[in-house]
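J.: Following is a predicted model, sequence given first.
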Amino acid sequence: MSSQEQVKIMILKERLTVEKLANMLREKTGKHYTQQSLQHKISLSSLRYDEVETIAEMLGYKISIEKNN
């Protein structure tokens, strides 16, 4: 599962809109996020790892990397 799919799942689970998430990111990071820019990043799979990490942290999730056996 891609990180963009995981972000979509987190948004759905937390009953957020992309606009609300963009506002939360803007408040947390001080960077310019709009509903349109965030939706564009999600649809193009162009979210950076640090952005996904910040989203997960804000929503109470953690990212883990596990080695395949």
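T.: Ah, there it is.

J.: where along the protein do the strands fall?
T.: Using DSSP state E, the chain contains no strands.

J.: residue boundaries of the helices in it?
T.: Using DSSP state H, the helices of the chain run over residues 3-13, 18-29, 35-43, 49-58.

J.: Tell me which of those helices approaches Glu66 most closely.
T.: Smallest distance to Glu66 across the helices of the chain (Cβ to Cβ): 14.4 Å, for helix 3-13. Just so you know, the C-beta spots here come from the backbone N, C-alpha and C atoms, and that holds for glycine as well.

J.: picking that back up, any chance of a markdown table for the helices of the chain, columns distance to Asn69?
T.: Below are these laid out as a markdown table (distance: least, Cβ to Cβ, whole Å):
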| stretch | distance to Asn69 |
| --- | --- |
| helix 3-13 | 22 |
| helix 18-29 | 34 |
| helix 35-43 | 31 |
| helix 49-58 | 24 |
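
J.: okay if I get those as JSON lines plus mean pLDDT?
T.: Below are the helices of the chain laid out as JSON lines (pLDDT from 0 to 100):
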{"stretch": "helix 3-13", "mean pLDDT": "92"}
{"stretch": "helix 18-29", "mean pLDDT": "96"}
{"stretch": "helix 35-43", "mean pLDDT": "94"}
{"stretch": "helix 49-58", "mean pLDDT": "94"}
